[in-house]
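>>> could you look at this predicted model? Sequence included:
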Amino acid sequence: MAGGARLRDDRPLPASVPCLPEGWPKWGEIVILSPHSDDAAFSVAGHMFHLSGAGKEFCLLTCFSISAFTQSAAHGDASSTTELRKREDSGYAGVIGPRCRAAWLDLPDAPLRGYNLRQVCHSDEFTAEDRIVADGLKDLLNGILPRGSVVFAPLGIGGHIDHRLVHDAAVELAKLERFPMVFYEDMPYAAACEESEISRRILALESRLNGSLACSRYETPRLLDIRRSAASCYPSQVRPETLHKIFNADPPLARYTYERVWQLRRTKESI
């Protein structure tokens with residue numbers, strides 16, 4: 001990405017310096033839309049840890065929180081698995097700090113809605129059922145999110161249907177112009193995504209929202225340790241050898257040494 005990678009000819013990617021989205025000291029509560037348990041931990045743990053330490057309050061809101069999937073059983077008992085994953089979410093919120101609370105929408109994840117494991121990341125267009133889920137999710141969020149909340153939502157990178165549904169709902173929510181919006185790059189999917197693909201997604205999203213997306217890149221020497229601690233809160237989802245491969249690599253895996261988010265800007269909006 002260094003050495004001249006660009007989003008467009010007049011907008012280079014930001015330099016490797018720590019930064020946060022513009023206007024963050026004035027933010028109220030920050031709501032992190034996490035498609036599943038562990039997605040926020042992998043994607044924005046550094047932002048959450050830093051902003052919580054600066055006094056910001058967080059709601060970690062897991063959308064598709066009913067699940068039967070663990071590393072040991074793709075089709076386990078949904079009730080016990082869901083409770084296990086909620087305990088992991090609460091543990092992660094505790095790692096972030098006392099200003100972070102965990103909450104759940106209790107929607108069933110893709111396998112429980114009839115998707116097989118191959119289809120989960122290989123569906124092209126939304127089905128009629130998917131459209132209903134996305135529209136319902138948008139209406140639900142619009143009804144429960146407090147006015148003044150700043151919403152972090154996934155970009156939907158990687159093609160996972162649940163990530164795409166949360167992303168689509170967030171985009172429609174953004175069109176209502178009730179909440180300041182920040183989009184984060186879904187990890188670990190973004191680590192395997194070409195910069196050109198991320199660029200195309202950002203440009204398409206700007207067109208869809210009739211606004212601009214201001215990029216900021218958060219990078220500190222402690223970020224790998226923060227991310228390791230965050231991911232370790234989810235042993236049902238991430239194997240120890242996977243954590244070791246990611247966070248103990250020498251040299252470190254470059255894409256895990258920073259977090260990048262995209263802040264929605266409109267002509268008349270200032271956050």
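Great, that's in hand. Numbering: from 1, shown residues only.

>>> residues in contact with residue 134?
126, 165, 168-169, 172 (C-beta atoms under 8 Å, 6 or more residues apart in numbering). To be clear about C-beta, it is placed using only N, CA and C from the backbone, and glycine gets the same treatment.

>>> then it would be within a helix, right?
Yes - with DSSP: H, G, I helix; E, B strand; the rest coil as the criterion, residue 134 is part of a helix.

>>> give me the local confidence score for it.
Residue 134 is assigned 94 on the pLDDT scale.

>>> which residue ranges form the strands in the stretch 51-200 of the chain?
58-62, 100-104, 150-154, 181-184 (DSSP state E, counting those that start in this stretch).

>>> TSV for these, including mean pLDDT, distance to residue 114 and mean neighbour count?
Supplementary listing: these in TSV, determined by pLDDT from 0 to 100; distance: least, C-beta to C-beta, whole Å; neighbours: other C-beta atoms under 10 Å:
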stretch	mean pLDDT	distance to residue 114	mean neighbour count
strand 58-62	97	20	24
strand 100-104	97	21	19
strand 150-154	98	22	26
strand 181-184	98	28	26
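
>>> please convert the ones you listed to a markdown table, extending it with distance to residue 134.
As requested, those are exported to a markdown table (distance: least, C-beta to C-beta, whole Å):
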| stretch | distance to residue 134 |
| --- | --- |
| strand 58-62 | 16 |
| strand 100-104 | 18 |
| strand 150-154 | 12 |
| strand 181-184 | 16 |
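
>>> looking at those strands, which is closest to residue 202?
Counting by C-beta to C-beta, residue 202 lies closest to strand 181-184 out of the strands of the stretch 51-200 of the chain; the figure is 8.5 Å.

>>> mind giving me the packing neighbours of the closest one?
Packing partners of strand 181-184 (3 or more C-beta pairs under 8 Å, 6 or more residues apart in numbering; DSSP states H and E): helix 39-53, strand 150-154, helix 161-175, strand 259-265.

>>> pLDDT on the longest helix seen in the chain, on average?
Longest helix in the chain by number of residues (criterion: DSSP state H): helix 78-96. Averaged across helix 78-96, the pLDDT comes to 95.

>>> partners of the residue with the shortest distance to the centre of the chain in the sheet?
In the chain, the residue lying closest to the centroid (C-alpha atoms, centre = their mean) is residue 154, at 4.0 Å. Note on residue 154: beta-bridge partners by DSSP bridges are residue 184.

>>> does it touch residue 184 like I think?
Yes - using C-beta atoms under 8 Å, residue 154 is in contact with residue 184, at 6.1 Å.

>>> out of the helices and strands packed on strand 181-184, indicate the one that is most buried.
Among the helices and strands packed on strand 181-184, ranked by average contacts under mean count of other C-beta atoms under 10 Å, first place goes to strand 150-154 (a mean of 26).

>>> which other helices and strands contact it?
strand 30-34, helix 39-53, helix 161-175, strand 181-184.

>>> JSON lines for the ones you listed, including distance to residue 88?
Output for the helices and strands packed on strand 150-154, formatted as JSON lines (distance: least, C-beta to C-beta, whole Å):
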{"stretch": "strand 30-34", "distance to residue 88": "12"}
{"stretch": "helix 39-53", "distance to residue 88": "9"}
{"stretch": "helix 161-175", "distance to residue 88": "17"}
{"stretch": "strand 181-184", "distance to residue 88": "20"}
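
>>> of those, which approaches residue 19 most closely?
If you check each of these against residue 19 by C-beta to C-beta, helix 39-53 wins as the nearest, at 10.7 Å.

>>> report the mean per-residue pLDDT for the closest one.
Summarised as a single mean, pLDDT over helix 39-53 is 96.

>>> what do you get for stretch 194-210?
Average pLDDT, stretch 194-210: 93.

>>> now do stretch 165-172
Mean predicted lDDT for stretch 165-172 stands at 96.

>>> gap between residue 143 and residue 23?
The gap separating residue 143 from residue 23 is 26 Å, by C-beta to C-beta, to the nearest Å.
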